[in-house]
Structure formats: C-alpha cells, structure tokens
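Undergrad: I'll drop the sequence and a predicted model, then ask my questions.
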Amino acid sequence: MAQLVIFRHGQSTWNLENKFTGWVDVELTPKGIEEAKNAGQKLKGYHFDYAYASDLQRAQKTLTLALESAGHHPLSPVYNKALNERMYGDLQGLDKTETAKKYGDDQVKIWRRSYDIAPPNGESLKDTAARVIPYFESEIIPKLKAGKNVVIAAHGNSLRALIMYLEKMTPQQILEFEIGTAQPRLYDLDTNMNLLNAKNL
C-alpha cells in the first residue's frame, strides 16, 4: 500500500487581492505562510519518500514550510510546470469583480466553472488535466505502485484534475468540489492504484 497526500498552496497575495492568478508567480501572504505551517501540523507522523510541487513559488514555499512544520526529514522536491495552476490567459492579473462587470457574471462563471471552455488565450480545466494527468501517470504512479509515499503541493485547478482522476468524478462533480487553501487530502492506494480511502486531514 502507498499513501499520496495532495494540498493546495496557502493564500497568495493575489488570492487576497481577488485577482485571477494563473501562471503569474506571486508570493504567499503572511496568512498563507501560517496556513502552510498548519498543513504541516496535520502531516506529523506521516512519512514521504518523494515530494512534488508546481513551477510556481507559492506551491513550492507551501510544500517546504509544511514539511518543515511536520518535522519531516529533508526531501529534494521535484518542481514541474505540468502541475501549474490553470493558465487564465487574458484574465490573469484582473480583479475578479471588475472582470464580472466587464464580461458579465454568467460569462465569468462559465470560464471559471465549465470543464472545457477556456478564457481568452487561456486553459480550460480539460486542458489543464491534459498536462497534469500524463505527468502524474509517468512520473508519480510508478513510485506509488512501488509502495512509496508521495506528497504534492499544487493549485486549485491542477488538483481538481488530479482529484477527478483519482476519485473517478464527473466534470460536474469536480467543478462543484471545493479545495481549501493548504488543506491536505490523503489517499490510501493499493499497488494496482485502486483507491482504498480518501479523506481530508
């Protein structure tokens, strides 16, 4: 059996400012730093053989702080842009409330909460899954099948793609699934990648 823990980064500066962030490499807020440390408290007693994060510092710092807070022995994390947040294209950097005024609430909701409709020059959740899942299958599944434990810090939408895959959710189910900041989710998996248990820590 192997264990996989995934969690979203702590609050970022643009989360706080209510902006579309996507691939913009913003920092954690003081609250985000505390959230990351709190996530680590929930990971005390768990052992990981491998650690992964996206290519963005908010996920990387959350991972580092969480493992330190957990008292975990040092790991050499792998960072890869395949785990990056959904690319929001022309919406990146825009205030979410102002964007709704400009394009209309319904249009913005479609961009944010539809599975296969992308914002202008950005990615849909389907597009995001098309890079997250192949990376997970090639890089991480072999380690889980070998009985190794893995921890991943990433983003709301890259994790939605992963949760949809692991828990066999429909697009509608995953779009309604809320992913809190720095909330670890544990998966117990057998060596054939069958899901034995899934829960928030």
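TA: Everything's here; your move.
Undergrad: now the residue nearest to residue 110 when sequence neighbours are not counted: how far from residue 19?
TA: Spatial nearest neighbour of residue 110, excluding adjacent residues (C-beta to C-beta, 6 or more residues apart in numbering): residue 117 at 5.5 Å. In this view, the C-beta of every residue, glycine as well, is placed from N, C-alpha and C. Separation of residue 117 from residue 19 (C-beta to C-beta, to the nearest Å) stands at 21 Å.
Undergrad: from residue 189, how far out is residue 9?
TA: Residue 9 sits 23 Å away from residue 189, going by C-beta to C-beta.
Undergrad: among the two, which residue is more densely surrounded?
TA: Neighbours of residue 9 and residue 189, each counted by other C-beta atoms under 10 Å, are more numerous for residue 9; the result is 32 against 22.
Undergrad: that one and residue 32 touch, don't they?
TA: Yes. Using C-beta atoms under 8 Å, residue 9 is in contact with residue 32, at 7.0 Å.
Undergrad: overlap in contacts of those two?
TA: 58, 62, 181-182 (C-beta atoms under 8 Å, 6 or more residues apart in numbering).
Undergrad: lowest-confidence one in the residues you listed?
TA: The member of these with the lowest pLDDT is residue 181, at 94.
Undergrad: for that residue, grab the count of nearby residues.
TA: Residue 181 has 21 nearby residues by other C-beta under 10 Å.
Undergrad: which residues touch it?
TA: Residue 181 neighbours (C-beta under 8 Å, 6+ apart): 8-11, 15, 32, 35.
Undergrad: buried set for stretch 99-107?
TA: 99-100, 103 (16 or more other C-beta atoms under 10 Å).
Undergrad: which residues touch stretch 96-115?
TA: Here stretch 96-115 makes contact (C-beta under 8 Å, 6+ apart) with 18-20, 91, 117-119, 122, 124-126, 171-172, 174-175.
Undergrad: and these, which of them are buried?
TA: Among the contacts of stretch 96-115, the ones that count as buried (16+ other C-beta under 10 Å) are 19-20, 91, 118-119, 122, 124-125, 174.
Undergrad: please enumerate the strands of this protein.
TA: Using DSSP state E, the strands of the chain run over 2-8, 50-53, 78-79, 150-154, 185-189, 195-200.
Undergrad: out of these, deepest packed?
TA: Ranked by mean neighbour count, the strands of the chain are led by strand 150-154 with a mean of 27 (mean count of other C-beta atoms under 10 Å).
Undergrad: partners of that strand, with directions?
TA: Note on strand 150-154: by DSSP bridges, its sheet partners are strand 2-8 (parallel), strand 50-53 (parallel).
Undergrad: which of those strands sits closest to residue 193?
TA: Closest to residue 193 of the strands paired with strand 150-154, according to C-beta to C-beta: strand 2-8, at 8.8 Å.
Undergrad: what's in contact with that closest one?
TA: Taking contacts as C-beta under 8 Å, 6+ apart, the residues outside strand 2-8 that touch it are 39, 43, 46, 48, 62, 66, 140, 143-156, 159, 162-163, 166, 179-189, 191, 201.
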